[in-house]
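> coordinates for the following, if possible.
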Amino acid sequence: MNLKHVQSSVAIVLCGLLAGPAAGPVFGQTQSFTLNDKHGFIADATYPWRVRRVSQVSFEDSGRIEKLMRAGVIYLSLRDAIALALENNLDIEVARYYPKLALSDLQRSEAGQLLRNVSTNFTTGPSSASLSVLAGASQVNAAGASNTSTGGTSALLSGLSVNLAGAAIPNTEPYAFVSSNFYHLTNIETSTQFTGTPFLVQQYKSLIYGFQQQYWTGTQVQVGMSSVFGYNQNALTALFNPIDTGSLSLSIQQNLLNGFGIAVNRRAYHKAQNNLKGNDLNFKQQVILTVANVVNLYYDLVSFNADLRIDRETYELDKRLYEDNQKRAELGAIAPIDIIQAEAEMKAAEQAVVAQQSQVEQQEMILKSVLTRSGLDSPAVASARIVTTTPIDVPAQDRIEPVQEMISEAFANRPEVAQNAITLANAQLDMLGTKSNLLPTLVATANLSNSGQGGALNPAVQVPIVGPSGNVVGYRPLGPGDVSSNLIGGYGTALGQIFSRNFPNYSVGFQLTIPIKNRANQADQITAELSYRQSQIQDKQLKNNIKLNVMNSITALRNARAAYETSVVARKLQDETLAGTRRKYELGTSTILDVVIAQRDDTTRQLSEADARNQYQRARTNLEQTLGTILEDYNVNMEEAKTGTVGREPDLPIAPPQQQQQQQR
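Residues are numbered from 1 along each chain as shown. The predicted structure is shown next:
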């Protein structure tokens, strides 16, 4: 190709680059994580250099909880409890920032910058209330300090780690540069032979501007224009004064070994893409943990309410027995000791009611803290009682599938499996970089430039007039015929020479750097290989644990169902025993102690049945979580979870009759 045409093309490209906005490579539209704060032409022009505004966090609860309140009572179904958690739970709100942080890292990687650490914490949520001493303080406080497990994105490397783990990543952020200076220089001259003056005074203005860019291929390009305007000096020997000069240059560097190839140089970008998917999975994992926690807290409250109902019924029966014995004692039908036994049993039942009522209130506070953003700042919400409207349902038969199919379902649904796959992919990208860094550094360079100069004739220069005999007969001012006419003019003349390639310069070369022992790079490559092997082992461990957890969850569910069915039969038999003992007591063939023992055993059987029902529900929830189907089972929409807005209307605030009666007591 004609070099003159190449130079002209380069000049045209330079002008286009300098006229257009500095924009980096675009890999497609990405979701926005900042507010749109553009306001007019000036804002658009300065957009790349202005601070991005991120939306503020709102700590206001959604309007759903207000719709569920009636006369200081929150009528809460399980569906609405899950919806409130998706809208208000702060653990989920924190997790919503994980994909946004990863998106910011992706934008950073598009510019060829090193990735930053983005750690993720998974919070399982608070535990249910306990009947132990001081349980109220510990459990309510635990709602604010939930059990947290760290699950950082293991494949994310800090800036230092990325720099040490493989070939350098090109900085693909384009840059336009410009600099301008004014100079006034005075130099003392020891001889006037060359300048004609004892001191040389120079004065000029300079302007340098251009564009530089690195590319994923390992190529670096710089185009620049340097100009000197009005170079003026007091030298009597200078032919031109003042002078305008310019130079247009193109410099290209290309890595040929270390750092060569798009796959190697874009590995941080591919890791950022993987991490974006991984942080979406991290968010899903937090939603799973929160939904499972809400289900357990909700059904624990249902169970605690059932226990409270049983304790109240027992207290009412013991109270009635005590009152009946008082009447019988007045008639002389029983001994006074029978009244004491009945009263002692009544007081014990009353104490159980007080303790169980405290547990219910604690559980309500814990559940409300999980379902609100305000942390019970609202007095109305803090003082409101909760009436659960979704009972624990024990189906006639559990899902029966082959174990291997359930294990395969867990592998397909569990976010951890996909997260491990991302970790392995990122580890392979690290190995790609460390392998490239083992190679010597070979850089090919090409430099092209055109220069130009134009100036006015110096009137101080005198040209000798030579006579016919060869002698100098006089002097005259410097004229156009004494110099090259192409150099006479101003800055336009210099530009014309540049674009006409009147004074071309070019060079081609290479630079080879060979590490003699290469120990550090070999160590990095070995470390990357070992890390990959560790990730493979951890992936196998995870899958083994999932298999074990699936089988254990199936066994636990089977045992929980058997325990529940047994407790139902035992409670029915004890009901019959209690009824028979009371009839005997009324007929005088049984003692008050027999009635007290039978009543106590019946209460124990009822509480055991309620606990077995709750344990069955927990086992079923655990199986759903182990299989990774809990979101699907409870109709949780991930898009609604991401936005924090559940579209469906709240359930009608209608409580089951038993719970309505309990609330009125």
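
> after the longest helix seen in the chain, next one along is what?
In the chain, assigned by DSSP state H, the helix with the most residues is helix 519-587. Using DSSP states H and E, the helix or strand that follows helix 519-587 towards the C-terminus is helix 592-627.

> who touches the helix or strand following that next one?
Sequence order places helix 630-633 as the next helix or strand after helix 592-627, per DSSP H and E. Residues from elsewhere that reach helix 630-633 (Cβ atoms under 8 Å, 6 or more residues apart in numbering): 284, 287-288, 291-292, 295, 621, 624, 636, 638. For glycine as for every other residue, the C-beta is placed from the backbone atoms N, C-alpha and C.

> return the member of those residues nearest to Met551.
Using Cβ to Cβ, Glu624 comes nearest to Met551 of the contacts of helix 630-633, at 15.3 Å.

> got a pLDDT number for that closest one?
Here the pLDDT value assigned to Glu624 is 94.

> equivalent analysis for the one 3 residues further on, please.
The predicted structure scores Leu627 at 95 on the pLDDT scale.

> same question for the one 4 residues further on.
Note for Leu631: predicted pLDDT of 95.

> OK, contacts around Asn549?
Contact partners of Asn549, counting by Cβ under 8 Å, 6+ apart, are 410, 626.

> that one and Gln285: what is the separation?
To Gln285, Asn549 is 15 Å away according to Cβ to Cβ, to the nearest Å.

> now the contacts of helix 630-633 as a markdown table including neighbour count?
Output for the contacts of helix 630-633, formatted as a markdown table (neighbours: other Cβ atoms under 10 Å):
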| residue | neighbour count |
| --- | --- |
| Lys284 | 21 |
| Val287 | 25 |
| Ile288 | 21 |
| Val291 | 26 |
| Ala292 | 20 |
| Val295 | 23 |
| Thr621 | 21 |
| Glu624 | 21 |
| Val636 | 21 |
| Met638 | 13 |
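
> and the two most separated of the residues you listed?
Thr621 and Met638 (18.9 Å).

> for the protein, give me the ranges with low pLDDT.
Applying pLDDT under 70 to the chain flags residues 1-39, 118, 131-165, 333-334, 653-665.

> walk me through the domains of it.
76-160+266-430+521-664, 175-214+219-258+441-513 (automatic domain parsing).

> which residues in the stretch 351-500 of the chain form strands?
385-388, 441-457, 462-466, 472-477 (DSSP state E, counting those that start in this stretch).

> can you give me the strands for the stretch 201-350 of the chain?
Assigned strands in the stretch 201-350 of the chain, in chain order: 219-233, 240-255 (criterion: DSSP E, counting those that start in this stretch).

> other SSEs contacting the longest one?
Packed against strand 240-255 by the contact rule (3 or more Cβ pairs under 8 Å, 6 or more residues apart in numbering; DSSP states H and E) you find helix 3-19, strand 219-233, strand 441-457, helix 491-499.

> output the ones you listed as a markdown table; include the columns mean neighbour count.
Converted to a markdown table, the helices and strands packed on strand 240-255 look like this (neighbours: other Cβ under 10 Å):
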| stretch | mean neighbour count |
| --- | --- |
| helix 3-19 | 14 |
| strand 219-233 | 18 |
| strand 441-457 | 19 |
| helix 491-499 | 19 |
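
> adding distance to Gln574, write these out as JSON lines.
Conversion of the helices and strands packed on strand 240-255 to JSON lines gives the following (distance: least, Cβ to Cβ, whole Å):
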{"stretch": "helix 3-19", "distance to Gln574": "89"}
{"stretch": "strand 219-233", "distance to Gln574": "85"}
{"stretch": "strand 441-457", "distance to Gln574": "85"}
{"stretch": "helix 491-499", "distance to Gln574": "105"}
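
> that concludes my questions; thank you for your assistance.
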